[in-house]
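S.K.: Quick one, fold the following:
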Amino acid sequence: HPDTLDCLNNIASAVRDQGNYAEAEMLHQQCWEARKDTLGEMHPDTLDCLNNIASAVRDQGNYAEAEMLHWQCLEVRKKTLGEMHPDTLNCLNKVASDVSGQGNYAEAEMLHRQCWEAR
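M.R.: The predicted model follows:
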């Protein structure tokens, strides 16, 4: 049930807030898989889980994997919500942060500027 999955997502977020990033990643992954099955891959709640997985991965220092996951989320949000939607721009901002975390500052600046100009 979607409400049950909301609870799981909230637990994962609370675990992440406590600094238990690997456990949070696992819980967000469980939520994402269940939401894909119940709501579909393109549903905004499913994409929120994917975004949360990426953030937990980034919190563990794996910026390249986080970037890949945030790009995946970004591409689907562009298709479903449009390029100017706040959730889409939030994903773009997260991609930029992931890129910066890998030391690619010029590319990160370009992505941050794209986000800023769109807002």
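
S.K.: low-confidence ranges in this protein?
M.R.: Applying pLDDT under 70 to the chain picks out residues 1.

S.K.: tell me which element the residue nearest in space to the middle of it falls in.
M.R.: Closest residue to the average C-alpha location of the chain: N51 at 1.5 Å, with C-alpha atoms, centre = their mean. Using DSSP states H and E, the element containing N51 is helix 44-59.

S.K.: Run through who's touching the helix or strand following that helix.
M.R.: Going down the chain from helix 44-59, the next helix or strand is helix 63-81, by DSSP H and E. Residues from elsewhere that reach helix 63-81, judged by C-beta atoms under 8 Å, 6 or more residues apart in numbering: 41-42, 44, 47, 50-51, 53-55, 57-58, 85, 87-88, 91-92, 94-95, 98-99, 101-102. C-beta: built from backbone N, CA, C; applies to glycine.

S.K.: Distance from the chain centre to whatever helix or strand E109 lives in, please.
M.R.: For E109, the host element (DSSP H and E) is helix 105-118. Computed by C-alpha atoms, centre = their mean, to the nearest Å, the chain-centroid distance of helix 105-118 equals 18 Å.
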